[in-house]
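K.L.:
model this:
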Amino acid sequence: MTSKTSLHRIIFILRWIKGDRVLSFDELLTRYRREMYSKFPDEPDRAEDFSRRTLQRDVIELRDVYGIYILYDRRQNGYRLSDKTYSAKILEYLLDTLELYQIMQLKPLSDSILFPDDRKARGSEHMMFLLKAITGFHKVEFEYHKFDGEPPSLRQVNPLALKEFKNRWYLLAFQDGNPKVKSFGLDRMQGIRRLPAKFDPDLAENWTTQFESVFGITSRDPKEAVKVVLSFRPVQGRYVQALPLHQSQTTILENENEIRISLRIAITHDFIMELLSYGAEAEVISPRRLRSQIARLLNDGSKRYEKPQ
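P.N.:
Presented below is the predicted three-dimensional model:
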């Protein structure tokens, strides 16, 4: 198990070596000491606990505990991530989790200085079970409770992956006889169990690219990605720049009056709801059909407040 003294080194090593970086021991040592002296000026010992021996121990721990392989490249005289390591997205998620765990070890730590989001959805207790079913190609069965008032239904599905959206986790799965991949909220599952029968994941439609052009989790009907141009008031626009709506987002105009971005994205229910959440802070420039739809929905919402209570 990672000790408190080695955790900050492991986080540092991953932060600097992730991607295609190749760094020598001397480069890592210099960067580490500079960072530690800067962050912890009153704890000089932190900057001195990095050596070739501790680096080798940390490399072994990363491999054995976290499944992350760091190799020494003799040709480039430096350390780099192995091709066996997780994707950049999963690695970033792991780093965020490790840093949060590091924060949780601080003493004293109380609700007066750390405020986790109280709106965390239920269902995370199913994740490990579902991941084992996914990797073992096992069918699963559960009782599914929709939010639209329909009675619960028993589902048997072939699980493919887990996807997160706005603090909720969803199971992506397909059913026998229907290759279309659907999403099921983990917080709406009850009585989940693994079935003895297995399935062939290749029978699902081309689902791995299904969400590339989608904001969120909803993709009920296949939709073509289109170019969307949005204009934001400057302050809101900077928030959107800091946390992009979609991987295709680019800034095409920025001045004291507005920040304008361009996206290549499918127009889905989730995306429309996100645009509505900005209210007067955002304006759809194009396409014209989406602009008209948002204007109508905002107008309908405004009329509801005009009714006397």
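K.L.:
give me the phi and psi for Tyr72.
P.N.:
When quoted as degrees, to the nearest 10, the phi and psi of Tyr72 stand at phi -100, psi 120.
K.L.:
just checking, it touches Ser82?
P.N.:
No: between Tyr72 and Ser82 there is no contact under C-beta atoms under 8 Å: 10.6 Å. C-betas here are computed from N, CA, C, even on glycine.
K.L.:
of these two, who's got more company?
P.N.:
Neighbours per residue, other C-beta atoms under 10 Å: of Tyr72 and Ser82, the larger number sits with Tyr72, 15 against 10.
K.L.:
mind listing what the more buried one touches?
P.N.:
For Tyr72, the contact set (C-beta atoms under 8 Å, 6 or more residues apart in numbering) comprises Gly78, Tyr79.
K.L.:
beta partners of it?
P.N.:
Counting by DSSP bridges, Tyr72 forms beta bridges with Tyr79.
K.L.:
now the nearest residue to Ala197 once chain neighbours are set aside: how far from Tyr72?
P.N.:
Spatially, and ignoring its direct neighbours in sequence, Ala197 is nearest to Lys139 (5.0 Å; C-beta to C-beta, 6 or more residues apart in numbering). Per C-beta to C-beta, to the nearest Å, Lys139 is found 44 Å from Tyr72.
K.L.:
bridged to the closest residue to Thr250 other than its chain neighbours, which residues?
P.N.:
Leaving aside its sequence neighbours, Thr250 sits nearest to Ser262 (C-beta to C-beta, 6+ apart; 5.3 Å). Ser262 has these beta-bridge partners by DSSP bridges: Val229, Thr250.
K.L.:
what's near enough to touch Ser262?
P.N.:
For Ser262, the contacting residues are Lys227, Val228, Val229, Ser248, Gln249, Thr250, Ile252, by C-beta under 8 Å, 6+ apart.
K.L.:
before we move on, what about Arg15?
P.N.:
Contacts for Arg15 (C-beta under 8 Å, 6+ apart) come out as Leu95.
K.L.:
name the SS class of it, please.
P.N.:
The three-state assignment at Arg15 reads helix, by DSSP: H, G, I helix; E, B strand; the rest coil.
K.L.:
any low-confidence regions in this structure?
P.N.:
Counting by pLDDT under 70, the chain contains low-confidence ranges at 1-5, 107-112, 115-121, 219-223.
K.L.:
determine the longest strand present in it.
P.N.:
Longest strand of the chain, by residue count under DSSP state E: strand 153-165.
K.L.:
quick one: contacts of it?
P.N.:
For strand 153-165, using C-beta under 8 Å, 6+ apart, the contacting residues are 127, 130-131, 133-134, 138-144, 146, 169-176, 181-184, 186, 195, 199, 201, 203-204, 207, 211, 216-217, 270.
K.L.:
what angle separates the next helix-or-strand element following it from strand 153-165?
P.N.:
Going down the chain from strand 153-165, the next helix or strand is strand 168-175, by DSSP states H and E. Strand 168-175 runs at 130 degrees relative to strand 153-165, counting by axes from the mean of the first three to the mean of the last three C-alpha atoms, to 10 degrees.
K.L.:
the strands in the stretch 101-250 of the chain, which residues?
P.N.:
Per DSSP state E, counting those that start in this stretch, the stretch 101-250 of the chain carries strands over the ranges 138-144, 153-165, 168-175, 178-185, 189-198, 226-232, 250-254.
K.L.:
pick the most buried one from the ones you listed.
P.N.:
The highest mean neighbour count among these, using mean count of other C-beta atoms under 10 Å, belongs to strand 168-175: a mean of 21.
K.L.:
and that strand, which strands flank it?
P.N.:
Paired neighbours of strand 168-175 in the sheet (DSSP bridges): strand 153-165 (antiparallel), strand 178-185 (antiparallel).
K.L.:
can you give me the distance of the closest residue to Leu290 other than its chain neighbours to Phe232?
P.N.:
Here the nearest residue to Leu290 in space, its sequence neighbours aside, is Val284; by C-beta to C-beta, 6+ apart that works out to 5.3 Å. Shown here: Val284 relative to Phe232, a distance of 11 Å by C-beta to C-beta.
K.L.:
same deal with Gln241?
P.N.:
9 Å.
K.L.:
ditto for Arg168
P.N.:
From Arg168 to Phe232 the distance is 25 Å (C-beta to C-beta).
K.L.:
anything in contact with each of Gln241 and Phe232?
P.N.:
Listed as contacting both Gln241 and Phe232 by C-beta under 8 Å, 6+ apart are Ile259, Ile261.
K.L.:
coming back round to it: what bridges to the residue nearest to Leu290?
P.N.:
Leu230.
K.L.:
picking up where we left off before, quick one, the longest strand of the chain and strand 189-198 angle?
P.N.:
Using the same axes, to 10 degrees: strand 153-165 against strand 189-198 is 100 degrees.
K.L.:
what domains does the record give for this structure?
P.N.:
Segmentation of the chain into domains, based on automatic domain parsing, reads 4-104, 124-201, 226-306.
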